[in-house]
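In: Give me a model of this one.
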Amino acid sequence: MLSIYIGSLIKYLENLGYSVTTESKSNIEDFADMFYADAVISGVSSFAFMSAFFGNGVYYSSEHIEEGESTTQCTMCESWTLPSTKLRHRDVADYHDTENVISLLKQSTG
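Out: Okay, the predicted model is just below:
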């Protein structure tokens, strides 16, 4: 199932003209790779945040808000969050239904 989501994201980014590389090594090597990467796209992850946000490239993440909140409290996040791109957990009935989830993700990106 994870490979389906990863493949969909890779296809989406490549259709936008980006070259995509995915790798998984040791924790230290992954941290360093994200720190030195040109760009990192991440969900809510402190590991990705610390390595990529303070690194050399561009860091993009979804909003870091609670399910019930309507807005984020962060006043400096506009440069690295994508507030218009959100799919809340409550809107997904079944993550194993990858076709539906990918459709919902496409709808949330406009």
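In: Can you pull the phi/psi pair for the residue minimising distance to the centre of the chain?
Out: In the chain, the residue lying closest to the centroid (Cα atoms, centre = their mean) is S42, at 3.2 Å. S42 adopts backbone torsions of phi -140, psi 150, taken as degrees, to the nearest 10.
In: Pretty sure it sits against M50.
Out: No: the pair formed by S42 and M50 falls short of the contact definition of Cβ atoms under 8 Å, at 10.7 Å. Using the backbone N, CA and C atoms, a C-beta is placed for each residue, glycine as well.
In: Could I get the buried residue list for the strand or helix carrying M34?
Out: Taking DSSP states H and E as the criterion, M34 maps to helix 27-36. Neighbour-count burial for helix 27-36 flags 31, 33-35 (criterion: 16 or more other Cβ atoms under 10 Å).
In: Just put those residues in JSON lines and tack on pLDDT.
Out: Listed next are the buried residues of helix 27-36 as JSON lines, based on pLDDT from 0 to 100:
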{"residue": "F31", "pLDDT": "93"}
{"residue": "D33", "pLDDT": "91"}
{"residue": "M34", "pLDDT": "90"}
{"residue": "F35", "pLDDT": "93"}
